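Colleague: sequence first, predicted model second:
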Amino acid sequence: MTSPGDPVGAGASDAPPVAPAATPDVAAETEKAASAAPAAAAAVAAPTAVAPAKKRRRLRIPHPPLRSKRGLFIAALLGAGLAVAFTVGGVVAIQWTETADFCGRCHTMGPELKAYEMSPHRDVSCAECHVEPGIQGWVKAKINGTKQLVEIITGNFPKPIPAPDHAELPPTSASCQKCHAMSSLTANGGPVRLVLNNRYAKDEQNSLTTVATVIRPAGFGGTSDVKGVHWHVVSDVEYLRADPRAQKIDYVKVTNPDGTVEEFLAANQAQVSTDVQPDIDHLLATETMRRMDCLDCHNRVGHGIPSVDQSIDSDISAGHVSTALPFIKQQASDILNTEFASTADANAAIDGLKGFYATKYPLVAQTESGAIDTAVTTLKATYDLVATPEMRVTAATYPNNLGHQTAPGCFRCHDGAHYKVVDGAITSEAIPFGCATCHTFPQIGAQTSGVLIGQRPATHDNRLWIFDHKTAVSTVDPANTACGACHTRTYCENCHNTKAVQVPHDNMVIDHAQVTRDVGAATCAYCHSPAYCAQCHGTDKVMPNQWPDATPAASGTSGLLPPSVHAGGLPTSSGLPLHPATAGTTGADVTGWSGPAASMRPWESVAAP
């Protein structure tokens, strides 16, 4: 109800407003919107419908159920196949790692690989000589190979690569003797081998000289007591060495089948000739004992590098280097014996031969230009075989103990300076060192004479027969004499054409220095070795030394005179020379060392006075 005076509807604010009446068109729109709202809400709430993707077809290999017997069999078969494949692949890979193809891939092995390919064992795998049989040897070799690989990766490898210590190689029974049975080397004394070489002089004519010897079989195939070259490996021979390459041997011990022992001591190791047992004991304590086997002589049989002179002689003999080129042997030898920084430097020096002939022999340079070019090409190839400058390897780097032409070899023991020890004293008996010990007397000359392999007459056992044989025959033609039964004229001429027979020996003990000056040391070297002279002269190089860095006690050709005939002192009862300062006394000093007392050795300490 409203108060009087209020406008009409003034109290209507307290009542809800009343909507105006809708027209028919508005009502229809409102109804349409209300009906569409639920459909829109449902469309928002429901996910958008996606057309179904095309189903991919998987490649299915038909197989039986894996847990069935047939499935398990197939799985086992596949596993075994994979195992076999991996095993075969592993074996092939391991075998490859033991071949020269694998080992030679390291640039450090260049010299060894070249020498291997020139050797008679180029078809033998590396492991057959360098790896001990069995898993232990294989593991040892792989550990060593890994160490070498690290050195190569880090660049910390030696130049040149040192030759292996023979003690670290497989025993020869597991390497050499698998192919070379000892019975075949010793049956009937062993094989008889003729060694024939051509040598060219370093003169203008490149004069040819032939050298012929026959390696002696034991007993000459009969019943004589002559020992053959393989006596060393069928007997019990031991030696002491100060270096792992055994280039210097100071002591030799031979145990005979009856149990007796023979000892030989290098003269330069004896301090007091009448009491050398302390010297032997000192060597036993400081050096390594080794039993002699195949590798002591055949040390480079798989990697031998020929000497420069031997290589040039072979090139000349093969016709690749012409003797029509004056002094070609001398020039080639001088160049190839030089140590170059690189192969390019060596090739440049070899190319210099063209300039040599153009300057010194211009006519030869014109008429023999083709021969000069061929010689240059050949010598470059030869240098590449005998030297590897980047590894500091030359033909003289690795001494070859087989023979004694390029290294001491046999003369490490057979030098005339290793004397037998009896009851602690040095005697005058040396290890055999004559030219005919292991081979026949070398036939050296313009032509090869008959080579002798028979047993020597008793008269030839006289140590002075080299001087006394002139009493049996007075001509170099042995025809119609007893000598003619074995010797030919050329045999005598080959020796008599040298200056050695012109050397006066009557007063050699007191005037050998003057004689040497008159005839030249090279003449003395026909018969005497540096080791022989070193017994008195020590390290003074009074004789021509044909081997690089050869030690005086382990080099030379061969001793000849008995040790009681030395210059520089008087002979003692033991056959060794007395030092001049102690002549006529006991306890003679063989090497010239004068200690505080006769019983003192250089390694023994001396108390201060």
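Modeller: Done, it's in. In this text the structure is predicted, and so the values were computed from the model without any measurement. Numbering: from 1, shown residues only.
Colleague: OK, contacts around Ser314?
Modeller: For Ser314, the contact set (C-beta atoms under 8 Å, 6 or more residues apart in numbering) comprises Pro306. For glycine as for every other residue, the C-beta is placed from the backbone atoms N, C-alpha and C.
Colleague: quick one, phi/psi of it?
Modeller: When read as degrees, to the nearest 10, the backbone of Ser314 gives phi -70, psi -40.
Colleague: please parse the chain into its domains.
Modeller: Here the domain assignment for the chain is 70-161, 308-391, based on automatic domain parsing.
Colleague: mind checking those domains for the one nearest to Ala218?
Modeller: domain 70-161 (23.4 Å; C-beta to C-beta).
Colleague: what about the closest one, start to end distance?
Modeller: Start-to-end span of domain 70-161 (C-alpha to C-alpha, to the nearest Å) is 59 Å.
Colleague: same check on stretch 90-109?
Modeller: Termini of stretch 90-109 sit 24 Å apart (C-alpha to C-alpha).
Colleague: contacts for it next, please.
Modeller: So stretch 90-109 is in contact with 110, 112-113, 116-117, 122, 125-127, 131, 145, 148, 152, 157, 161, 390-391, going by C-beta under 8 Å, 6+ apart.
Colleague: ok, back up a step: same list (the domains of the chain) but as TSV, adding distance to Lys499.
Modeller: Shown next, in TSV, are the domains of the chain (distance: least, C-beta to C-beta, whole Å):
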stretch	distance to Lys499
domain 70-161	36
domain 308-391	20
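Colleague: and these, which one's lowest on average pLDDT?
Modeller: Lowest mean pLDDT within the domains of the chain: domain 70-161, a mean of 81.
Colleague: stretch 486-496: which residues count as buried?
Modeller: Burial within stretch 486-496, assessed by neighbour count using 16 or more other C-beta atoms under 10 Å, is assigned to 487-488, 490-495.
Colleague: the top helix by length along the chain: what's the following helix or strand?
Modeller: Criterion DSSP state H: the longest helix present in the chain is helix 69-96. Moving toward the C-terminus from helix 69-96, the next helix or strand (DSSP states H and E) is helix 100-103.
Colleague: CA atoms only: put that following helix into PDB for me.
Modeller: C-alpha atoms of helix 100-103 as PDB (Å, rounded to 0.1, in the frame of the first residue of the first chain):
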ATOM      1  CA  ALA A 100     104.600 -60.100 -42.200                       C
ATOM      2  CA  ASP A 101     101.700 -58.300 -43.800                       C
ATOM      3  CA  PHE A 102     100.500 -57.300 -40.400                       C
ATOM      4  CA  CYS A 103     103.800 -56.700 -38.700                       C
END
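Colleague: just put the buried residues of stretch 486-496 in CSV and tack on secondary structure and distance to Gly90.
Modeller: As requested, the buried residues of stretch 486-496 are arranged in CSV below (DSSP: H, G, I helix; E, B strand; the rest coil; distance: C-beta to C-beta, whole Å):
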residue, secondary structure, distance to Gly90
His487, coil, 65
Thr488, coil, 64
Thr490, helix, 63
Tyr491, helix, 62
Cys492, helix, 67
Glu493, helix, 66
Asn494, helix, 61
Cys495, helix, 63
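Colleague: for this structure, give me the ranges with low pLDDT.
Modeller: By pLDDT under 70, the weakly predicted segments of the chain are 1-67, 93-95, 97-98, 107, 219-226, 445-455, 529, 531, 535, 539-609.
Colleague: in the host helix or strand of Asp334, what's buried?
Modeller: Here Asp334 sits within helix 328-336, counting by DSSP H and E. Buried residues in helix 328-336, counted by 16+ other C-beta under 10 Å: 328-333, 335-336.
Colleague: and the strands in this protein?
Modeller: 193-200, 208-215, 236-241, 249-255, 261-266, 288-291, 418-422, 425-430, 443-445 (DSSP state E).
Colleague: so which of those gets nearest Met508?
Modeller: Nearest of the strands of the chain (C-beta to C-beta): strand 425-430, 17.6 Å.
Colleague: for the closest one, buried residues please.
Modeller: 425-428, 430.
Colleague: tell me which of those residues is nearest to Trp231?
Modeller: For the buried residues of strand 425-430, the nearest to Trp231 is Ala430 (16.7 Å; C-beta to C-beta).
Colleague: beta partners of that closest one?
Modeller: Tyr419 (DSSP bridges).
Colleague: what packs against the helix holding Asp334?
Modeller: Secondary-structure packing of helix 328-336 (3 or more C-beta pairs under 8 Å, 6 or more residues apart in numbering; DSSP states H and E): helix 308-317, helix 343-360, helix 369-386.
Colleague: okay, these, which one's buried deepest?
Modeller: Mean neighbour counts were compared across those using mean count of other C-beta atoms under 10 Å; the top stretch is helix 308-317, at a mean of 21.
Colleague: off-centre distance for that one?
Modeller: 21 Å (C-alpha atoms, centre = their mean, to the nearest Å).
Colleague: what does stretch 196-213 give?
Modeller: So, by C-alpha atoms, centre = their mean, the centroid of stretch 196-213 is 27 Å from its chain's centroid.
Colleague: cool, stretch 270-280 as well?
Modeller: 34 Å.
Colleague: list the buried residues of it.
Modeller: Residues of stretch 270-280 classed as buried by neighbour count (16+ other C-beta under 10 Å): 270-276, 278-280.
Colleague: let's have the residues you listed in TSV, adding distance to Val421.
Modeller: Below are those laid out as TSV (distance: C-beta to C-beta, whole Å):
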residue	distance to Val421
Ala270	9
Gln271	13
Val272	12
Ser273	10
Thr274	11
Asp275	10
Val276	6
Pro278	12
Asp279	9
Ile280	7
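Colleague: what's the closest of these to Asp511?
Modeller: Looking across the buried residues of stretch 270-280 and measuring by C-beta to C-beta, the closest to Asp511 is Ser273, at 25.3 Å.
Colleague: surely that closest one meets Ile426?
Modeller: Yes - Ser273 is within contact range of Ile426, at 4.5 Å (criterion: C-beta atoms under 8 Å).
Colleague: got the angle for the helix holding Asp334 vs helix 369-386?
Modeller: 40 degrees (axes from the mean of the first three to the mean of the last three C-alpha atoms, to 10 degrees).
Colleague: please enumerate residues in contact with helix 328-336?
Modeller: For helix 328-336, using C-beta under 8 Å, 6+ apart, the contacting residues are 200-203, 206, 308-309, 311-313, 316, 321-322, 346, 349-350, 352-353, 356, 375, 379, 382-383, 386-387, 395.
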